[in-house]
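Peer 1: Sequence first, then the predicted structure, then my questions.
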Amino acid sequence: MAADLHPWIDQFLDAMWMHRGLSENSLQAYRTDLKGFFNWLEQRQLAIEQVQSVDIQSYLNFRHEQGMKARSTARALSTMRRFFQYALSQQWLAVDPMVLIENPKLPKPLPKSLTEAQIEALLATPDPAIPLELRDKAMIELMYATGLRVSELVTMILSDVSLRQGVVRVIGKGGKERIVPMGEEALHWLTTYISGSRSDLLKGYDSDALFPGRNGNCMTRQTFWHRLKHYATRAGLQSLPSPHMLRHAFATHLLDHGADLRVVQLLLGHSDLSTTQIYTHVANVRLQQVHQAFHPRATVNDETV
């Protein structure tokens, strides 16, 4: 049964890639979600054409019993919803079993970030006299200055950078393009790196990768994460940051210093303002903490009650 169903998955993913421009990581997540569902159907000898809302609910209960996280199930539900909508458009099915299934309400956790002092310590750690560390310093400076996603950072090529204008061209999710200013500090280190150690790191390879790794190819996300952890350890940071925490710090620090939320939305490449609004909660929590710590009447004095 699974062999008959999996081509449906492939055709659906091909359509998602062509019409929505999804990344390979997103496509792989879709594939994993759908294969899990199809395998569950196969174990119950249930054909996809027979699936009803009650079966979808049973599958969700099954995931819960297996201890799968609510956020993972919510993502799987979103994938299934897209799949069944596509199946209807292709007339594979006559009825959408997802119609009566509600999306779960998940709490929005505050993104983990770094303080400005922690960022300064991290940026001061790489030794620019060492070619490899100059590359890493330019990467960290650029990421903090622009709020790039790590996938956007490591796949940049030379033509994405305008040193004269001080901006970078970013191809974000869904193939959407945005222009982001990098600021004087990041511009300085990026210019120093491009004019200096980049050619040393290429070792004769012909490559347009802005931040080459081995053999002149673009660095992987995992490699950058390892490099970032290395510098965080050297800087004495107790919590080792992920690359995404630099993006969070970029947004949070902009808002802390009075940036407009819609400007931050454009810089981050968010299509929906509600996605950016999570950072206002971060800023508000920080304001409350500062008020609680330093305002003379922030706490109740038992003697005056």
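Peer 2: Okay, I see it. Numbers count the residues shown, from 1 in each chain.

Peer 1: Could you export whatever helix or strand Phe38 lives in as CSV, CA atoms only?
Peer 2: Assigned by DSSP states H and E, Phe38 belongs to helix 24-43. Output of helix 24-43 as CSV, limited to C-alpha atoms (Å, rounded to 0.1, in the frame of the first residue of the first chain):
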residue,chain,number,x,y,z
GLU,A,24,15.2,21.5,0.8
ASN,A,25,15.0,21.4,4.6
SER,A,26,11.3,22.4,4.5
LEU,A,27,10.6,19.8,1.8
GLN,A,28,12.3,17.1,3.9
ALA,A,29,10.2,18.0,6.9
TYR,A,30,7.0,17.7,4.7
ARG,A,31,8.2,14.3,3.5
THR,A,32,8.9,13.1,7.0
ASP,A,33,5.5,14.2,8.3
LEU,A,34,3.6,12.6,5.4
LYS,A,35,5.5,9.3,5.5
GLY,A,36,4.7,9.1,9.2
PHE,A,37,1.0,9.5,8.5
PHE,A,38,1.0,7.1,5.5
ASN,A,39,2.8,4.4,7.6
TRP,A,40,0.2,4.8,10.3
LEU,A,41,-2.5,4.3,7.6
GLU,A,42,-0.7,1.2,6.3
GLN,A,43,-0.5,-0.4,9.7
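
Peer 1: what about it, distance to the chain center?
Peer 2: Here helix 24-43 is found 21 Å from its chain centre; the criterion is Cα atoms, centre = their mean, to the nearest Å.

Peer 1: What is the subsequent helix or strand relative to it?
Peer 2: Downstream of helix 24-43, the next assigned helix or strand under DSSP H and E is helix 53-65.

Peer 1: got the buried residues for that next one?
Peer 2: Within helix 53-65, the residues scored as buried using 16 or more other Cβ atoms under 10 Å are Asp55, Ile56, Tyr59, Leu60, Phe62, Arg63. From N, CA and C alone the C-beta is placed, and that goes for glycine too.

Peer 1: And stretch 213-223, by the same measure?
Peer 2: If you call a residue buried by 16+ other Cβ under 10 Å, then stretch 213-223 has these buried ones: Gly213, Cys218, Met219, Arg221.

Peer 1: Phi first, then psi, for the last one.
Peer 2: By that I understand Arg221. phi -60, psi -40 (degrees, to the nearest 10).

Peer 1: quick one, strands of this structure?
Peer 2: All strands of the chain, identified by DSSP state E, fall at 161-162, 167-171, 177-181.

Peer 1: Report all helices and strands that the shortest one contacts.
Peer 2: Helices and strands in packing contact with strand 161-162 are listed as strand 167-171; criterion 3 or more Cβ pairs under 8 Å, 6 or more residues apart in numbering; DSSP states H and E.

Peer 1: Pull up the pairing partners for the strand it packs on, direction included.
Peer 2: strand 161-162 (antiparallel), strand 177-181 (antiparallel) (DSSP bridges).

Peer 1: possible to save those strands as TSV with mean pLDDT?
Peer 2: Output for the strands paired with strand 167-171, formatted as TSV (pLDDT from 0 to 100):
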stretch	mean pLDDT
strand 161-162	95
strand 177-181	90
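
Peer 1: isn't Lys112 right up against Leu246?
Peer 2: No. Taking contacts as Cβ atoms under 8 Å, Lys112 lies outside contact range of Leu246: 11.0 Å.

Peer 1: Of the strands paired with strand 167-171, which is nearest Ala209?
Peer 2: Closest approach to Ala209 among the strands paired with strand 167-171 (Cβ to Cβ): strand 161-162, 11.8 Å.

Peer 1: What are the contacting residues of that closest one?
Peer 2: Val168, Arg169, Leu190, Ile194, Leu210 (Cβ atoms under 8 Å, 6 or more residues apart in numbering).

Peer 1: contacting residues around the third one?
Peer 2: Just to be clear, that refers to Leu190. Leu190 makes contact with Ala138, Glu141, Leu142, Val161, Leu163, Met182, according to Cβ under 8 Å, 6+ apart.

Peer 1: Select only the buried ones of these in PyMOL?
Peer 2: Per 16+ other Cβ under 10 Å, the buried members of the contacts of Leu190 correspond to this PyMOL selection:
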select buried, resi 138+141+142+161+182
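
Peer 1: which of Lys112 and Leu246 has more neighbours?
Peer 2: Leu246 (27 against 13; other Cβ atoms under 10 Å).

Peer 1: what about the helices in this protein?
Peer 2: For the chain, the helices defined by DSSP state H occupy 2-20, 24-43, 53-65, 70-89, 116-123, 131-146, 150-154, 183-195, 197-202, 221-234, 243-256, 261-268, 273-276, 278-294.
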